[in-house]
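Q: Coordinates only, no sequence provided:
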Ligand SMILES: [Zn+2]
């Protein structure tokens, strides 16, 4: 999680998007195949790098320069052989791979011009799309989502299970920011809607890209007015407050499963655990 709070290792600067510069460095290029659903071609559990990527193609997406090389995502209809999903990616390569998944999905799902409906074409080596009919430009869309670790006045943490999740899997409250709403307002609304909790204070912690398909997770922590919970029974199936000792015991016995290590949800929970 920590890599998201320091400068990205991926150099996205516009100067790096000159086609001639890319062609000059082509023999060093790392090309990753991605299908329209955002799955990456895999080799032995890691993203597969094309050994002989051939020529630069019109649909190839330059992600940026990473560790001295240009990294590209090559969009394919279907990946041949095994694939790897975003959740299983190597965190040490998260910077270029998050961009690969997010950009490949955006190009696959947003092919037409919002102004006139014409099919757009990739531009600036995939950094945007342009309309050949009216000239409108389209940029990758990102959906902000809040995720908030709520504690009650006794400093217990609220963990809840979504109805569609496996039994025992719990996390902190999360939801999309709605149109015309601030991130903090979204925290207040989601807490009220999903678990019936009124928050007395909301403070920002950190963010993380979550290209499933195009979210930016904005992590917050917040204090609840009291220790009461009223789950909505729809999106949230169950929820409860836990002390640090209760949570450790529940996880240790297998009664609860926490979010994956790479997620900001886990980071928020660990942050609370280590503050006790
Ligand atoms: Zn157009």
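A: Done, it's in. Computed from a predicted model, the values in this text were never measured in an experiment.
Q: Nearest to the spatial middle of this protein, which residue is it?
A: residue 210 (0.3 Å; CA atoms, centre = their mean).
Q: what's near enough to touch that one?
A: 86, 145, 216, 217, 263, 264 (CB atoms under 8 Å, 6 or more residues apart in numbering). For the C-beta atoms, the positions are set from N, CA and C on the backbone; glycine is no exception.
Q: same deal with residue 87?
A: Residue 87 sits next to 260, 262 when contact means CB under 8 Å, 6+ apart.
Q: distance of it from residue 202?
A: For residue 87, the distance to residue 202 (CB to CB, to the nearest Å) stands at 27 Å.
Q: likewise residue 90?
A: Shown here: residue 90 relative to residue 202, a distance of 33 Å by CB to CB.
Q: Give me the pLDDT value at residue 103.
A: pLDDT recorded at residue 103 is 93.
Q: Quick one: neighbours of it, just the number.
A: Neighbour count for residue 103, taken as other CB atoms under 10 Å: 24.
Q: counting contacts, what elements does the helix or strand where it lies pack onto?
A: Per DSSP states H and E: residue 103 is located in helix 94-109. Under the contact definition 3 or more CB pairs under 8 Å, 6 or more residues apart in numbering; DSSP states H and E, helix 94-109 sits against strand 10-11, strand 30-35, strand 40-43, strand 61-66, strand 69-76.
Q: Would you convert these into CSV that also reports distance to the ion, mean pLDDT and mean neighbour count?
A: As requested, those are exported to CSV (distance: least, CB to the ion, whole Å; pLDDT from 0 to 100; neighbours: other CB atoms under 10 Å):
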stretch, distance to the ion, mean pLDDT, mean neighbour count
strand 10-11, 30, 94, 18
strand 30-35, 26, 93, 22
strand 40-43, 31, 91, 19
strand 61-66, 21, 94, 23
strand 69-76, 21, 93, 21
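Q: Go through these and name the closest to residue 186.
A: Judged by CB to CB, the one of the helices and strands packed on helix 94-109 that comes nearest to residue 186 is strand 10-11, at 27.7 Å.
Q: For the next helix or strand after the closest one, buried residues please.
A: Next helix or strand after strand 10-11 toward the C-terminus (DSSP H and E): helix 19-24. Judged by neighbour count using 16 or more other CB atoms under 10 Å, the buried positions of helix 19-24 are residue 22.
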